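**Q** sequence isn't available, so here's the structure alone:
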Ligand SMILES: Cc1cc2nc3c(=O)[nH]c(=O)nc-3n(C[C@H](O)[C@H](O)[C@H](O)COP(=O)(O)O)c2cc1C
């Protein structure tokens, strides 16, 4: 396994920012990995919110005590966290039930009140063992594949800021993320990238995102080691908090 990551890290250094992958015809490996459903969580409880009717000042004063509205209108979030993440066998951390990036995505959503949406492959052909997954990911990168994702993203028109995160795969965004960037309208939005990795940092996620979404503003990104996300969450949470504070959240 060490050999695998060493190869990836070397290739990552070579590939960063150059986009020089060559096209090859290959069939991605298939597995029986169960396909999960995409979920939007933590939608603001707009349906519970009640609008009070406008009143004349005199009437309002009269009713001030007896009929003062007890509920406030909950504002829907204008911030979304979009992420891709894998479980199964991962480098350094072994077999995991919750993906490293998923853990960070949830921290961001918790701390900002953002909605959360997980990008899931339409046909989950990604192996659950590390070495096999690196092979499939490399093939996709070489082919400049655009793997389909399952379901539909939430209505992006209601979001002004979107955090977008994934693991670093071979020094780049996983190819499925380019499908997301290219199939949706992110123009006019502030996009803030984050990665989990095991040594390559942000791997130019910000520049690559800017290239894929030229009409968006790209915010300062965050890179967290997968092992910290999984096994040192206090440290990871502190990094997330200070980054969010710097961004003005
Ligand atoms: C296919 C594949 C390629 C990877 N390439 C890199 C890499 O280039 N640089 C790096 O630091 N880590 C690399 N890693 C490690 C992952 O980025 C890291 O384990 C990440 O935290 C996994 O996140 P996840 O659990 O959300 O999928 C790779 C892992 C896989 C599976």
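**A** That came in fine, so what should we check first? No experiment lies behind these values; they were computed from the predicted model shown.
**Q** and for stretch 89-107, what's in contact with it?
**A** Contact partners of stretch 89-107, identified using Cβ atoms under 8 Å, 6 or more residues apart in numbering, comprise 1, 4-5, 81, 83-88, 116, 118, 128-130, 133, 163, 165-167, 194-196, 198, 222, 224, 226-227, 229-231, 233, 236-237, 240. Glycine gets a C-beta too; all of them are placed from N, C-alpha and C.
**Q** with residue 155 as the reference, measure out to residue 168.
**A** 29 Å (Cβ to Cβ, to the nearest Å).
**Q** so which of those two has more stuff around it?
**A** Between residue 168 and residue 155, counted using other Cβ atoms under 10 Å, the more crowded position is residue 168 (26 against 9).
**Q** if you skip the residues just before and after it, what's nearest to the more buried one?
**A** Of all residues not flanking residue 168 in the chain, residue 197 sits nearest, at 4.1 Å (Cβ to Cβ, 6 or more residues apart in numbering).
**Q** check residue 233 too.
**A** Distance criterion Cβ to Cβ, 6+ apart; nearest residue to residue 233, sequence neighbours excluded, is residue 103 at 7.0 Å.
**Q** burial count for residue 234?
**A** The number of residues near residue 234, taken as other Cβ under 10 Å, comes to 7.
**Q** just checking, residue 85 touches residue 120?
**A** No - contact between residue 85 and residue 120 fails when scored by Cβ atoms under 8 Å: they sit 9.6 Å apart.
**Q** returning to what we had before: for the residue nearest to residue 168, grab the count of nearby residues.
**A** For residue 197, the neighbour count with other Cβ under 10 Å is 26.
**Q** element containing residue 81, please.
**A** strand 79-83 (DSSP states H and E).
**Q** what lies in contact with that strand?
**A** By Cβ under 8 Å, 6+ apart, strand 79-83 touches 101-102, 104-105, 108-109, 112-119, 153-154, 156, 159-166, 180.
**Q** please redo it, this time with the cut-off set to 6 Å
**A** Under the contact criterion Cβ atoms under 6 Å, 6 or more residues apart in numbering, strand 79-83 has outside partners 101, 105, 108-109, 112, 114-117, 159, 161-165.
**Q** what stretches of this protein score poorly on pLDDT?
**A** The chain contains residues with pLDDT under 70 at 1-75.
**Q** what residues does it have near the ligand?
**A** Taking Cβ under 6 Å from any ligand atom as the measure of proximity, the chain contacts the ligand at 8-9, 12, 85-86, 90-91, 99-102, 130, 133-134, 137, 167-171, 196-200, 226.
**Q** any idea how far residue 79 is from the nearest residue to residue 129 once chain neighbours are set aside?
**A** Closest residue in space to residue 129, ignoring its immediate chain neighbours: residue 89 at 4.9 Å, by Cβ to Cβ, 6+ apart. Residue 89 is 32 Å from residue 79, where distance means Cβ to Cβ.
**Q** for the residue of the chain at minimum distance from the ligand, give me its contacts.
**A** Nearest residue of the chain to the ligand: residue 226, at 2.5 Å (Cβ to the nearest ligand atom). Contacts for residue 226 were tallied using Cβ under 6 Å, 6+ apart; they are 93, 100, 196, 198.
**Q** which residue, other than its chain neighbours, is closest to it?
**A** residue 100 (3.7 Å).
**Q** count of neighbours near that neighbour?
**A** 30.
**Q** do you know how far it is from residue 121?
**A** 17 Å.
**Q** what of residue 93?
**A** 21 Å.
**Q** sorry, back to before: report the beta-bridge partners for the residue nearest to residue 129.
**A** residue 95 (DSSP bridges).
**Q** for residue 134, see how far away it is.
**A** In terms of Cβ to Cβ, residue 89 sits 11 Å off from residue 134.
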